[in-house]
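Asks: Next input, structure requested:
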Amino acid sequence: MSATEKKRKLSDTTAAINSAPEDIPQKNVTLSHQSEPIIDPEVALTHVQGNEELLRDMVGIFFEECDIMIANLEKALAGHDAELIERAAHTLKSSSAMFGAKRARAAAFDLAVTGKSEDISKAPEQFARLRSELDQLRQAVDQQWGEGAG
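Replies: Numbers count the residues shown, from 1 in each chain. The predicted model follows:
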């Protein structure tokens, strides 16, 4: 599968996740999912019809894009750009759902809501939480699917 096809599959998977009903309440609250596992391998495999090779490829693409979104968030925070905060966090929320990563998704959701509200006073703290969750997600994915997955 070519890199273009892999990116298209990731995009299609993310679009399907986005069209699914939200399981996170749509109000400005900090969601606590500390008792949730970092990832749900069953959810991740479901999104790729059980194809672990495709999943490994998609994980690599996710983390490449994740690094871009983190850089965008750093830029947005430095420039007090609420709209960019909301967009980048929303992208991370949608993408992390592919792995059943409820904790990372909740952290991204909270930051996206903050960006949308335009009162970004809580954004630095929420960004730190999101980075921590994404770091844990990367470690969990590496443990679950091994080298080359992240």
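Asks: and the longest helix that the chain contains, which residues are buried?
Replies: Longest helix of the chain, by residue count under DSSP state H: helix 52-79. Under the neighbour-count criterion of 16 or more other C-beta atoms under 10 Å, helix 52-79 has 54-63, 65-66, 69-70, 72-73, 76-77 buried. C-beta here means a position set from N, CA and C on the backbone, and glycine is covered the same way.
Asks: May I have the secondary structure class of Glu5?
Replies: Secondary structure, DSSP: H, G, I helix; E, B strand; the rest coil: Glu5 is helix.
Asks: cool, and Gln49?
Replies: With three-state DSSP as the basis, the three-state label of Gln49 is coil.
Asks: That one: what's it in contact with?
Replies: If you count contacts by C-beta atoms under 8 Å, 6 or more residues apart in numbering, Gln49 has none.
Asks: Equivalent analysis for Arg131, please.
Replies: Ile70.
Asks: Mean confidence (pLDDT) on the strand or helix carrying it, please.
Replies: Element membership for Arg131, per DSSP states H and E: helix 123-145. Averaging pLDDT along helix 123-145 gives 93.
Asks: Name the residues of it that are buried.
Replies: 123, 126-127, 129-130, 133-134, 137-138, 140-141, 144-145.
Asks: Give me the pLDDT for the residue lying closest to Trp145 once chain neighbours are set aside.
Replies: Excluding the flanking residues, the one nearest Trp145 by C-beta to C-beta, 6 or more residues apart in numbering is Arg56, at 5.6 Å. Note on Arg56: pLDDT of 88.
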